[in-house]
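Chemist: Generate coordinates for the sequence data below:
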Amino acid sequence: MAPSRKTTTAAKPKPDPWDQAQWVSWEAMMVKIQAGDTECYRQFLDEIGPVLYSFIRWRVFNQELVPDVYQEVLLTLHKARHSYESDRPLGPWLFTVARNSMLDAMKRNRRFAEREVPTENLPEILQEEKDDSLSDELHQALQALPEDNRKAVELLKLGGLSLEAAAARLGIKVGAVKVRAHRGYKELRKILTEKKS
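Modeler: Okay, the predicted model is just below:
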């Protein structure tokens with residue numbers, strides 16, 4: 001089930017996943033969750049749910065499968081919540097759990113594996129040894145992106161840099177990095193979808 005959209009007269013502002021203060025708040029919530037605070041856990045899932053759903057939606061090309069994968073990720077997150085170390089940033093841990101859960105779901109369910117391009121293998125492109133599981137068409141699609149867009153995607157998605165670090169590396173503003181990366185993701189999806197059809 002996708003994150004619920006509650007309609008109220010005074011709508012709560014949507015959490016901004018790019019806001020560092022928001023992540024600090026979520027880190028504090030995780031400490032309380034690990035101590036058994038169920039109300040805090042409910043609030044955390046309400047807030048982080050749309051971020052995770054978006055993360056999954058951009059990586060699973062068959063949109064019909066997104067709700068199932070989302071449920072798998074939530075279940076894995078629930079089981080792994082005690083493995084979070086409070087002295088470390090939450091984001092890398094959270095997205096590693098989500099990514100691994102998505103890959104496990106694809107391996108377990110043949111219909112995922114047959115229809116999806118494993119975009120989470122993209123980081124292997126940056127390593128000297130190319131993982132044999134990396135699709136050649138995925139590698140070619142990344143190389144086919146315009147250079148500005150490809151660099152933004154590589155720094156953010158493959159290099160794991162923050163927007164600020166990527167902007168500094170490219171010598172441009174954060175907003176420009178967002179635009180280049182968004183266009184890169186969109187073009188990558190288009191290339192891969194056309195090759196699949």
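Chemist: Would you state the helices of this structure in chain order?
Modeler: 20-34, 38-57, 66-80, 90-108, 110-115, 136-144, 147-153, 163-170, 174-196 (DSSP state H).
Chemist: Per-residue confidence, the residue nearest the centre of the chain, what does it come out as?
Modeler: Central residue of the chain (CA atoms, centre = their mean): F55, 3.4 Å from the mean position. F55 is assigned 85 on the pLDDT scale.
Chemist: what about the residue nearest to it when sequence neighbours are not counted, neighbour count?
Modeler: Closest residue to F55 apart from its sequence neighbours, by CB to CB, 6 or more residues apart in numbering: A98 at 5.8 Å. To be clear about C-beta, it is placed using only N, CA and C from the backbone, and glycine gets the same treatment. Neighbours of A98 under the rule other CB atoms under 10 Å: 24.
Chemist: residues contacting A98?
Modeler: For A98, the contacting residues are L52, F55, I56, V73, T76, L77, by CB atoms under 8 Å, 6 or more residues apart in numbering.
Chemist: how about a cut-off of 7 Å?
Modeler: By CB atoms under 7 Å, 6 or more residues apart in numbering, the contact set of A98 is L52, F55, I56, V73.
Chemist: Stretch 174-190: which residues count as buried?
Modeler: By 16 or more other CB atoms under 10 Å, the buried positions in stretch 174-190 come out as V177, K178, R180, A181, R183, G184, Y185, E187, L188, R189.
Chemist: er, stretch 77-97 actually
Modeler: Applying 16+ other CB under 10 Å to stretch 77-97 flags L77, Y84, L90, G91, W93, L94, V97 as buried.
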